[in-house]
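A.B. asks: Provided below are the primary sequence and the corresponding predicted coordinates.
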Amino acid sequence: MSNESTIDPLLISVLGGGQLGMMLAEAGAPLGMHFRFLDPSPQAPTATFGELIVGTLGDTDALVRTAQGSAVVTYEWEGVPATGAASLESAGHLVRPSIRALEVSQDRLSEKNLFRSLGIGVAEFAAVDDRSGLDNAVDAIGLPAVLKTRCGGYDGKGQVVLQDRADVGPAWEALGEAGPLILEAWVPFDRELSIIAVRSVDGDTLCWPLVTNEHRDGILRTSTVTAEGDNTTLRASAEKYVGRLLDELDYVGVLALELFDVGGQLLANEMAPRVHNSGHWTIEGASTSQFENHLRAIAGWPLGPTTLKMPSVMVNCIGSLPEAAAIGAITGAHLHVYGKSLRPGRKVGHVTVVAPDTAQLHERLTALREVLPPDIG
């Protein structure tokens, strides 16, 4: 077991050193917290936000050095090997959120089975282990459908849409060697939504308002939160779903549940056991950001309120960044730069726009669109 006398109650260890870890550190500094990160890259965005241990996220020695002396270990990416995080827990380190949440989120089949077992609506799905299994799944589910890798894949990677039977063969050629697969029925959704929630050590749970998301090419482009868009009935359903997940997983920290709105009914797409891209608006738009509340939760502190301060839109900067001065000239606009090298398809920053009402929000968003680089999306 770890020696409690050497524990620094304000040291937080984070597995992963990307922009989510960076924003955790930004939120934690005013709380007196400091951070140690583990990441494979010495140029990770968190390199200037705390001590950076350079190593793979499954490297036993690096994991131990990262966790040593910290009050709690958390992770900023669900791709962190669950076995590595579990080894830290076995060695006496406090790991939050739960290892089980990490394990479930790393296998889409396990995730969908958990949703279904908790009465959370999901599209039809079937495991695909071989070519004949794909044919059987198509027969059972029908087309169109989406073939996905069960493990890995994000931002549209590791999946292929099947519109008709002619697509089955090429889909198998594209993904058949990528490990076990899952076929999911295509969902004719009206909106893509997410509910972001936080659960404390004592089981207290708070949710931020429903977020309306827009994706393109599998990458989140915008997240919008307004009082008008926060449908009371849908929000109650979303909060019920995410609450069941949090309780079942004995979860501590922030969790995001991505949802499809299909004619006023919600179907779960996937969960993220971490702070989430669609919650970045909370930094300026909510009483307490998702980052601060995640830290409060894993440290065992009381949670902060999650109320909407004002209507907000978050715009991802994909591949390139706008001019900082141009963003600064727009009232209510806030630029966040991640310190990553620029390349197509990569999230390198975001802009959040807030306003007192939706009319002014629309005006400010229009002004933002005029100064964004044409290739930013």
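C.D. replies: Here it is on my side, so go on.

A.B. asks: what residues are up against Val211?
C.D. replies: Shown in contact with Val211 (Cβ atoms under 8 Å, 6 or more residues apart in numbering): Leu193, Ser194, Ile195, Ile196, Ser223, Thr224, Val225, Ser278, Gly279, Trp281. Glycine gets a C-beta too; all of them are placed from N, C-alpha and C.

A.B. asks: now, which of the residues you listed sits nearest Leu118?
C.D. replies: Proximity of these to Leu118 (Cβ to Cβ) peaks at Ile195, which lies at 14.3 Å.

A.B. asks: Can you tell me which of the contacts of Val211 end up in strands?
C.D. replies: Leu193, Ser194, Ile195, Ile196, Ser223, Thr224, Val225 (DSSP state E).

A.B. asks: And those residues, which is closest to Thr212?
C.D. replies: Nearest to Thr212 among the ones in strands among the contacts of Val211, with distances taken as Cβ to Cβ, is Thr224, at 4.7 Å.

A.B. asks: List the beta-bridge partners for the closest one.
C.D. replies: Beta-bridge pairing of Thr224 under DSSP bridges involves Thr212, Val313.

A.B. asks: That one contacts Leu308, correct?
C.D. replies: No. Thr224 is beyond contact range of Leu308, at 11.6 Å (criterion: Cβ atoms under 8 Å).

A.B. asks: if you count what's nearby, which of these two comes out ahead?
C.D. replies: Thr224 (21 against 18; other Cβ atoms under 10 Å).

A.B. asks: Just to be sure, Glu214 is in a strand?
C.D. replies: Yes. Counting by DSSP: H, G, I helix; E, B strand; the rest coil, one finds Glu214 located in a strand.

A.B. asks: Could you check the pLDDT of it?
C.D. replies: Glu214 is assigned 97 on the pLDDT scale.

A.B. asks: how many neighbours does it have?
C.D. replies: 15.

A.B. asks: contacting residues for it?
C.D. replies: So Glu214 contacts Glu192, Leu220, Arg221, Thr222, Ser223, Thr224 (Cβ under 8 Å, 6+ apart).

A.B. asks: how far away is Arg235 from Ile195?
C.D. replies: Applying Cβ to Cβ, to the nearest Å, the value for Arg235 to Ile195 is 8 Å.

A.B. asks: swap that for Gly17, sorry
C.D. replies: Counting by Cβ to Cβ, the gap from Gly17 to Ile195 is 27 Å.

A.B. asks: likewise Ile219?
C.D. replies: Counting by Cβ to Cβ - Ile219 and Ile195 are separated by 20 Å.

A.B. asks: Compare those two and say which is more crowded by neighbours.
C.D. replies: Ile195 (28 against 18).

A.B. asks: contacting residues for the more buried one?
C.D. replies: Counted by Cβ under 8 Å, 6+ apart, Ile195 has contacts Cys207, Trp208, Leu210, Val211, Arg235, Ala238, Glu239, Tyr241, Val242, Ala256, Leu257, Leu259.

A.B. asks: ok so, going back, looking at the contacts of Glu214, which is nearest Arg65?
C.D. replies: For these, the nearest to Arg65 is Leu220 (33.2 Å; Cβ to Cβ).

A.B. asks: in what helix or strand does the closest one lie?
C.D. replies: Element membership of Leu220 [criterion: DSSP states H and E] is strand 219-225.

A.B. asks: Residues contacting that strand, please?
C.D. replies: 155-156, 194, 208-215, 277-281, 285, 308, 311-316, 318, 345, 347, 377.

A.B. asks: Could you pull up the mean pLDDT of that strand?
C.D. replies: 96.

A.B. asks: likewise stretch 174-182?
C.D. replies: Here the average pLDDT along stretch 174-182 is 93.

A.B. asks: residues making contact with that stretch?
C.D. replies: Taking Cβ under 8 Å, 6+ apart as the rule, stretch 174-182 contacts 108-109, 112, 125-129, 131, 134, 147-152, 158-160.

A.B. asks: Could you list the low-pLDDT ranges of the protein?
C.D. replies: For the chain, the stretches with pLDDT under 70 are 1-5, 154-156, 229, 375, 377.

A.B. asks: residue boundaries of the helices in it?
C.D. replies: Counting by DSSP state H, the segments of the chain that form helices are 19-28, 60-67, 82-90, 99-105, 108-117, 131-141, 168-175, 232-248, 282-285, 290-298, 324-328, 358-371.

A.B. asks: Please identify the most buried of the ones you listed.
C.D. replies: Highest mean neighbour count of those: helix 290-298, a mean of 27 (counted as mean count of other Cβ atoms under 10 Å).

A.B. asks: rewinding a little: buried among the contacts of strand 219-225? Need that as a selection in PyMOL.
C.D. replies: Of these, the buried ones can be selected in PyMOL as follows, counting by 16 or more other Cβ atoms under 10 Å:
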select buried, resi 194+208+209+210+211+212+213+277+278+279+280+281+285+308+311+312+313+314+315+316+318+347+377
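
A.B. asks: What count of nearby residues applies to the nearest residue to Ser237 once chain neighbours are set aside?
C.D. replies: Nearest residue to Ser237 in three dimensions, chain neighbours excluded: Leu266, at 5.0 Å (Cβ to Cβ, 6 or more residues apart in numbering). Neighbours of Leu266 under the rule other Cβ under 10 Å: 23.
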